[in-house]
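Trainee: please find the sequence and the predicted model below.
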Amino acid sequence: MEIPVDKPILVTSALPYVNGECHIGHLRTYVPADLYVRMLRKMCYNVRFICGSDTHGTPIVLSAEAQGITPKAVVKRYHEHFRQVFKALNVDFDYYGQTDSESNHRRTEEIVKKLIENGYVYKKITKQAYCNTCGRFLPDRYVEGKCPYCGAIARGDECDQSCGKHLEPGEIIEPKCKICGNDAVFKDQEQFFFLLSAFAEFLASYLDTLGGTLNARNYAREWVKKELRDWCITRNLDWGVKFPGRDDLVVYVWVDAPIGYISFTEELLKGNEDISWDRYWKDDAAVIVHFIGTDIIYHHCIFWPAMLKGAGYSLPDAVVASGMVKINGETFSKSRGNVVWTTEFLKRFHPDTLRYYIISQSSHTKELDFSWNSFAMRVNNELVGVLGNLVHRVLTFAHKNFAMVPEGDIEEEIFVAISKRRDEAIRAVEEYEFKKFVDAVMSLADFGNRAFHRQEPWHLIKKGEEGKARCGTVIKDVLQLLKAVCILLEPVMPEKMQEMWHLIGMESDVHSVKLDELLVPIESGQALVKPKKLFRRIEL
RNA sequence: GCCGGGGUGGCCUAGUGGGUUAGGGCGCCAGACUCAUAAUCUGGAAGUCGCGGGUUCGAGCCCCGCCCCCGGCACCA
């Protein structure tokens, strides 16, 4: 998507559901979003980046009960955990909130009231499974019984193992509570529904204008082409945002979760005199980009825009959906131990190597198959072999023979090479092709190795003053390349590139350096220290 | 079943307004270099671009049929 230069941009990253620890699957969304934001800033856009914890819903309530603590305590614990993980990985949100905040309660109530006012919410009696033993109503996924069509064991809402038919509430035979295993009964319950069916036409045309990745639009179109069923937006729970006027009902978690995007914007901009939150969410004065995983496309491309439209809010401009992560070809599974926890990973390896791997291993919308072997290969071949080695060899050589950035002019071909890769990198980011982005930049380092080797400075240095002067030019050319690599790779590996920035004699903060610095010749005379190794080989 | 994505050398993969010898990476083989983290550089072998038809002077890219793989099929965070 081409980004309008004159508008501020709001980038959001999917809200982690805080009932468990962060695994590397989560990062597939956050790391590219962070890269995107850092790169846009280098391109001088006005960007704000927000996220927060998704705190409501049944799984958190159950998780709390299992641990004998309150939902609030569960939320607090994992909210803190995610904050720390993001900090460790340098996923640098301008604001990280949580959906149980007062302002999110308020904003959710306001939006639900508005939907009611506009005639998009209606009441309906439904059959709801109730477990007498647990003393609670059961969401469909916690009900198990026999399929009335084929007789196989089925979930409350769908015959998921056998015939695949959708089951209406109350249809399932011999319902049992999946939590305690005892019999469940169906009770009549008053629930509220969102008139999603009224938005079919709107959504069809909206999806045609939506930016972001193709997988998001295609997936959503499929639903719009079929019939859109109205959506039950209330639950019989205590934990959550109360449905207006009903103390016994909370809104479904997928109502208040995305509204977090709005309330976090409000919280971020509170007291900001230059711009207020409603410029983003009411006046259509900003570009809104959501980074999510393919598993929640439905909610972001169907429910969410319909809700916003129905309540009179601005619509998202782009939805960028990342593919799922697998481990050694298998789906994540906590029970089978097929999972890689982020904190465990970070005990062993530098966060930037993980960021690099996630970005470079596969195209953003495709599945990423993690393996320790492929991780080690990327680090050893690319970060150590190509980039780390180039930095180390040229700086060691320069330090020994010059001890500073040598005099001399930079060859024109260097600037040509940099400009070419810069353009490729910008195009890649605009297309959400983050692998292409990193590949384009790394090819500059590759270019550097070839140039250095071809000109054999280790021979030149032995050929008197003239040789030394030419040698200086070779080094300076490569340093210019490294400067460019550093700037362009900062969005991928912020910490390592800051280290490298200092190694090549730069004193500023590479995080705030803009793209126009790419073609500014590196200055001669700056002291060069004996380099330390930027990356270390991984032996498995 | 329906919808979407995909099937390109041992592995991963680029490549749609159809047009020079199908591009890159990993791995492999040979050689070079020695400034450098056994890193680097040069060269090489290896592909009937899922199958069968068709359109065209010409198709990985277009059309028809078929096979296979992956994901989704809703209130589940």
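Mentor: Good, I have the coordinates. Numbering: from 1, shown residues only, chains lettered A, B, ... in the order given.

Trainee: when you work out contacts or count neighbours from here on, use the C-alpha atoms and nothing else.
Mentor: OK.

Trainee: from A:S263, how far out is A:D278?
Mentor: Separation of A:D278 from A:S263 (Cα to Cα, to the nearest Å): 10 Å.

Trainee: which of those two has more neighbours?
Mentor: Taking neighbours as other Cα atoms under 10 Å, A:D278 and A:S263 compare with A:S263 leading, 25 against 17.

Trainee: how far is stretch A:365-379 from where the chain is centred?
Mentor: With Cα atoms, centre = their mean, to the nearest Å as the basis, stretch A:365-379 stands 18 Å off its chain's centre.

Trainee: and the contacts of it?
Mentor: Contact with stretch A:365-379 is made by A:213, A:215, A:321-329, A:353, A:357-358, A:361-362, A:537-540, as judged by Cα atoms under 8 Å, 6 or more residues apart in numbering.

Trainee: just the buried residues out of those, in PyMOL syntax.
Mentor: Buried residues among those (16 or more other Cα atoms under 10 Å), as a PyMOL selection:
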select buried, chain A and resi 213+215+321+322+323+324+325+326+327+353+357+358+361+362
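
Trainee: the contacts of stretch A:365-379 in strands, which ones?
Mentor: Judged by DSSP state E, the contacts of stretch A:365-379 include A:321-322, A:325-327 as members of strands.

Trainee: now render those as CSV, adding distance to A:K436.
Mentor: Compiled in CSV, those are given as follows (distance: Cα to Cα, whole Å):
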residue, distance to A:K436
A:A321, 16
A:S322, 15
A:V325, 19
A:K326, 21
A:I327, 23
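
Trainee: helices and strands around the helix or strand of chain A with the lowest mean pLDDT, which ones?
Mentor: Least confident helix or strand of chain A, by mean pLDDT, DSSP states H and E, is strand A:153-155 with a mean of 71. On a contact count with 3 or more Cα pairs under 8 Å, 6 or more residues apart in numbering; DSSP states H and E, strand A:153-155 meets strand A:143-146.

Trainee: poorly predicted segments of the stretch 301-450 of chain A, please.
Mentor: For the stretch 301-450 of chain A, the stretches flagged by pLDDT under 70 are A:335.

Trainee: just the mean pLDDT for the longest helix seen in chain A, thanks.
Mentor: Secondary structure assigned by DSSP state H gives helix A:464-489 as the longest helix of chain A. The average pLDDT within helix A:464-489 is 95.

Trainee: okay, buried residues for the next helix or strand after that helix please.
Mentor: Counting by DSSP states H and E, the next helix or strand C-terminal to helix A:464-489 is helix A:494-503. For helix A:494-503, the neighbour count (16+ other Cα under 10 Å) marks A:494-498, A:500-503 as buried.

Trainee: so helix A:494-503 versus helix A:464-489, what angle?
Mentor: Put simply, helix A:494-503 runs at 160 degrees to helix A:464-489, going by axes from the mean of the first three to the mean of the last three Cα atoms, to 10 degrees.

Trainee: give me the contacts around helix A:494-503.
Mentor: Contacts of helix A:494-503 (Cα under 8 Å, 6+ apart): A:90, A:352, A:395, A:483, A:486-487, A:489-490, A:507, A:509-511, A:528-529, A:531, A:534.

Trainee: one more pass at 6 Å, please.
Mentor: A:486, A:490, A:510 (Cα atoms under 6 Å, 6 or more residues apart in numbering).

Trainee: go on, stretch A:93-112?
Mentor: With contacts defined as Cα under 6 Å, 6+ apart, stretch A:93-112 is touched by A:49-55, A:241, A:256, A:260, A:263-264, A:268, A:311.

Trainee: including secondary structure and distance to RNA strand B, could those go into TSV?
Mentor: Converted to TSV, those look like this (DSSP: H, G, I helix; E, B strand; the rest coil; distance: Cα to the nearest atom of the strand, whole Å):
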residue	secondary structure	distance to RNA strand B
A:F49	strand	20
A:I50	strand	17
A:C51	strand	14
A:G52	strand	13
A:S53	strand	10
A:D54	strand	7
A:T55	coil	8
A:V241	coil	14
A:D256	helix	10
A:G260	helix	12
A:S263	helix	17
A:F264	helix	17
A:L268	helix	23
A:A311	helix	18
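
Trainee: who wins on neighbours among these?
Mentor: Taking other Cα under 10 Å as the neighbour criterion, A:T55 ranks highest of these with 30 neighbours.

Trainee: ok, now how distant is that residue from A:V74?
Mentor: Taking Cα to Cα, one finds A:T55 at 9 Å from A:V74.

Trainee: A:E190 too?
Mentor: 29 Å.
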